[in-house]
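Asker: What follows is a predicted structure for the sequence shown.
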Amino acid sequence: MSSSSLAELVGTSTKSLKTTATSNLAAIQSITGRMKLLALNALIEAAHAGEKGAGFSVVAQEVRTISTEVERIAGELGLSLGSRIDDLARAVEGLAGEARATRCVDLALNAVEIIDRNLYERTCDVRWWATDAAVVDCAAAPTEAARAHASRRLGVILSSYTVYLDLWLIDLDGRVIANGRPDRFAVAGSSVAQEPWIALARRLRSGEDFEAAEVMRLPALDGAQVATYFASVREGGEAQGRPLGTLAIHFDWEPQARAIVEGVRLMPSERERSRVMLLDAANRVLACSRGQGILGERYPLRTDGRAHGHYTDPQGRLVAFHDTPGYETYRGLGWRGVIEQAAG
């Protein structure tokens, strides 16, 4: 049973209990009212009877006193019981709200963990393929035959790894000398030296290192959203060999990220009022289950210095978040998972 269902059940039960208690207390008060009325009539009759009614008068007075006491106790019980039932309902509602928020924080963590595991594999791929003999030979001596061979080799890799749009071999001057899908993307021979992301590749110190660019729309790939990873191509495929060029692999971001945010296990009643997002370190929306603001919106996340947590925004929506924990040797890029959920 979900926390919201539990809260609804308890709310219905406490309302029913309160109604029943109020009804029963009303019945008690009705009976004590009738007892007081009978006692009053008995006192009147005892007064009319004079000395003969003296004993009856004492009994009638006692009945009147007892009925008044019962009425007082019933009234206090009604106030106390009603207050405690309300307190119970509020406490359960608070617990249900905390359980809902904690669950959303866990789901936000799950989303960013899945993308981290995915991107960890990309860091392995790019460093591995940068040592491929065809890639190394082409970077060392980019003859027409070497470029054609490297292009075919990159194409073979792409046929097995469908999460990539293209793989580019770039020389030290920033010129693309071979790519895996030349029939689709005619980038060979073009220069990317002025692209801001190519500067990342120049920071690589060895063949064991990698860099990742921000998720972006790349005009050369028909404006597709890509996450690009770089590794250094080194002489002899050795980690400390002389730099020969760079291998850039372009991860097909949009369909992979969409599958993650849409795959978060929200209940149907939650999904229609929720927005699942992946944000980068600057809170730029990288993916959104509703397809809103991707790569254009900066989400106004308020973490207050916490790595994970939740809060209620000014619109009354729950906002749950969790920073990337990284995966294996991949420390992540400072991204986080976020779930924004309107009240049900």
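Answerer: Nice, I can see it.
Asker: Need the per-residue pLDDT for the residue minimising distance to the centre of the chain.
Answerer: Central residue of the chain (C-alpha atoms, centre = their mean): Ala108, 2.8 Å from the mean position. Ala108 carries a pLDDT score of 95 in this model.
Asker: residue ranges for the strands of the stretch 201-344 of the chain, please.
Answerer: Assigned strands in the stretch 201-344 of the chain, in chain order: 210-212, 216-218, 224-234, 243-252, 274-279, 285-288, 308-312, 318-323, 336-341 (criterion: DSSP state E, counting those that start in this stretch).
Asker: and the fifth one, which strands flank it?
Answerer: I take that to be strand 274-279. Under the criterion DSSP bridges, strand 274-279 sits next to strand 285-288 (antiparallel), strand 336-341 (antiparallel) in its sheet.
Asker: Show me which residues of it are buried.
Answerer: For strand 274-279, the buried set under the neighbour-count rule, 16 or more other C-beta atoms under 10 Å, comprises Ser274, Arg275, Val276, Met277, Leu278, Leu279. Bear in mind the C-beta positions are built from the backbone N, C-alpha and C, glycine included.
Asker: Please identify which pair of the residues you listed lies farthest apart.
Answerer: Ser274 and Leu279 (15.3 Å; C-beta to C-beta).
Asker: pLDDT score assigned to the closest residue to Asp171 other than its chain neighbours?
Answerer: Distances taken as C-beta to C-beta, 6 or more residues apart in numbering put Gly245 closest to Asp171, at 4.7 Å, once the chain neighbours are dropped. According to the model's per-residue confidence, Gly245 sits at a pLDDT of 96.
Asker: Can we start the residue count at 775 from this point?
Answerer: Done: numbering now begins at 775, and the last item shifts to Gly1019.
Asker: so who does Gly1019 touch?
Answerer: With contacts taken as C-beta atoms under 8 Å, 6 or more residues apart in numbering, Gly1019 has the following neighbours: Ala913, Leu943, Ile944, Asp945, Leu946, Ile951, Ser1006, Val1007.
Asker: From these, pick the one nearest Phe984.
Answerer: When the contacts of Gly1019 are compared for distance to Phe984 (C-beta to C-beta), Ser1006 wins out at 8.6 Å.
Asker: if I look at the residue lying closest to the closest one once chain neighbours are set aside, how far off is Ala924?
Answerer: On the basis of C-beta to C-beta, 6+ apart, the spatially nearest residue to Ser1006 that is not a chain neighbour turns out to be Leu978, at 4.1 Å. Computed as C-beta to C-beta, to the nearest Å, the Leu978 to Ala924 distance reads 19 Å.
Asker: Any chance of the strands of the stretch 975-1118 of the chain in CSV with distance to Gly1037 as columns?
Answerer: Below are those laid out as CSV (distance: least, C-beta to C-beta, whole Å):
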stretch, distance to Gly1037
strand 984-986, 23
strand 990-992, 23
strand 998-1008, 18
strand 1017-1026, 17
strand 1048-1053, 9
strand 1059-1062, 11
strand 1082-1086, 20
strand 1092-1097, 16
strand 1110-1115, 12
